[in-house]
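Chemist: pasting the sequence and the predicted model now:
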Amino acid sequence: MPLRCVVLDDYQDAATDLADWSPLKDTVEVVSLLEHLGDEGELAAALATADIVVTLRERVSFPASLFARLPRLKLLIASGMRNTVIDHAAARAHGVTVCGTASSSTPPVELTWALLLGLARGIVEEANSLRDGGPWQQTVGADLHGRTLGLLGLGRIGSRVAQVGLAFGMRVTAWSEHLTKERADEVGVQLAASKEELLTTADFVSVHLALGDRTRGLLGLAELALLKPTAYLINTSRAAIVDQDALLTALHEGRIAGAGLDVFDTEPLPADHPLRTAPRLLATPHLGYVSRANYMTYYGQAVENIQAYLAGSPVRQLP
């Protein structure tokens, strides 16, 4: 009997189309789940007969309690080489090998600019109005050239966002707790003296930080109040870095010009969630890493990982 591999959250039913799974056809049965299972009981039931699980990014948590309910599970593959929602110690304790895949920073960089430009030029409002026969021209776009882009974080993604901003002729500043002037100079941007200075001077603020104890809730009511009323906030990083309730208040009260979000405290976002109807908000359903090239890498390397594991030599293991 072949081993059973379950692919989680294959929303677009793309996993088996964007990779060649044929090398596994005689040894592994591949099943895709197209709907998100957020409840641990539902996950345990759906994965009860799974020997291998493929999960995308950090969509699904794997705590010790879930591993304890999956005695057949032997291999867990997550896209990317870093995953904070898998209990790695529990995986080891239950004899589960955890592997990752490569991941490109290009798609989230591109989506960051899609959100920023969409907000700046009122793309959604104007496109919807044109399609619906509404008024011809309703918004006055915000300029990028000569304006200030403030980046919270100047790592792999933030530095590439900076390069695009510079190409637009923007003044680019950056801040994070351990960012140095040498690193800022290397990228060609200005180091902000403080988080507060960055927030008060930027016309566009984009978040590119890892989530941790120091960054959780980094932007709350007090920080959002420092933004210009004409400023825009973009978050394609981690939802918990920006206090969700504080952002909702800022949007409803018009304290900022708008926000672009691709990440949320709860995903998928519930149908009645207040962010779905918030004013001045351009939101996308966590599309940052969702691109054809990334999916081909994720699922292609998932096949390679399975082959290597079955050969007794696991590759790309996560700690």
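Modeler: Perfect, thanks for sending it.

Chemist: from here on, just use CA atoms for contacts and neighbour counts.
Modeler: Fine.

Chemist: what segments of the stretch 1-150 of the chain are helices?
Modeler: With DSSP state H, counting those that start in this stretch as the criterion, the stretch 1-150 of the chain has helices at 40-46, 64-67, 88-93, 106-120, 123-132.

Chemist: would you turn the ones you listed into JSON lines with mean pLDDT, mean neighbour count and distance to Thr27?
Modeler: Conversion of the helices of the stretch 1-150 of the chain to JSON lines gives the following (pLDDT from 0 to 100; neighbours: other Cα atoms under 10 Å; distance: least, Cα to Cα, whole Å):
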{"stretch": "helix 40-46", "mean pLDDT": "97", "mean neighbour count": "15", "distance to Thr27": "20"}
{"stretch": "helix 64-67", "mean pLDDT": "98", "mean neighbour count": "17", "distance to Thr27": "23"}
{"stretch": "helix 88-93", "mean pLDDT": "98", "mean neighbour count": "16", "distance to Thr27": "23"}
{"stretch": "helix 106-120", "mean pLDDT": "98", "mean neighbour count": "20", "distance to Thr27": "33"}
{"stretch": "helix 123-132", "mean pLDDT": "97", "mean neighbour count": "13", "distance to Thr27": "48"}
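
Chemist: which one of those helices lies closest to Ser176?
Modeler: Nearest to Ser176 among the helices of the stretch 1-150 of the chain is helix 106-120; the distance by Cα to Cα comes to 18.1 Å.

Chemist: could you report the neighbour count for Thr284?
Modeler: Thr284 has 15 neighbouring residues, counting by other Cα atoms under 10 Å.

Chemist: in space, what's closest to it - neighbours in sequence excluded?
Modeler: Of all residues not flanking Thr284 in the chain, Asp262 sits nearest, at 4.9 Å (Cα to Cα, 6 or more residues apart in numbering).

Chemist: and the one you found, what are its phi and psi?
Modeler: Per-residue torsions, Asp262: phi -120, psi 0 (degrees, to the nearest 10).

Chemist: measure it to Leu233 for me?
Modeler: Per Cα to Cα, to the nearest Å, Asp262 is found 12 Å from Leu233.

Chemist: these two: who's more crowded?
Modeler: Neighbours per residue, other Cα under 10 Å: of Asp262 and Leu233, the larger number sits with Leu233, 26 against 21.

Chemist: still on that earlier bit, just list the residues touching the residue nearest to Thr284, thanks.
Modeler: 235-237, 283-288 (Cα atoms under 8 Å, 6 or more residues apart in numbering).

Chemist: also Gln190?
Modeler: By Cα under 8 Å, 6+ apart, Gln190 lies in contact with 172-174, 181, 184.

Chemist: hmm, try it at 7 Å
Modeler: 172-174, 184 (Cα atoms under 7 Å, 6 or more residues apart in numbering).

Chemist: buried among these? Make that a ChimeraX selection.
Modeler: ChimeraX command restricting these to the buried ones, with burial defined by 16 or more other Cα atoms under 10 Å:
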select :172,173,174,184
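
Chemist: and which of the contacts of Gln190 is nearest Leu219?
Modeler: Ala174 (15.1 Å).

Chemist: looking at this, that closest one is in a strand?
Modeler: Yes: using DSSP: H, G, I helix; E, B strand; the rest coil, the assignment for Ala174 is a strand.
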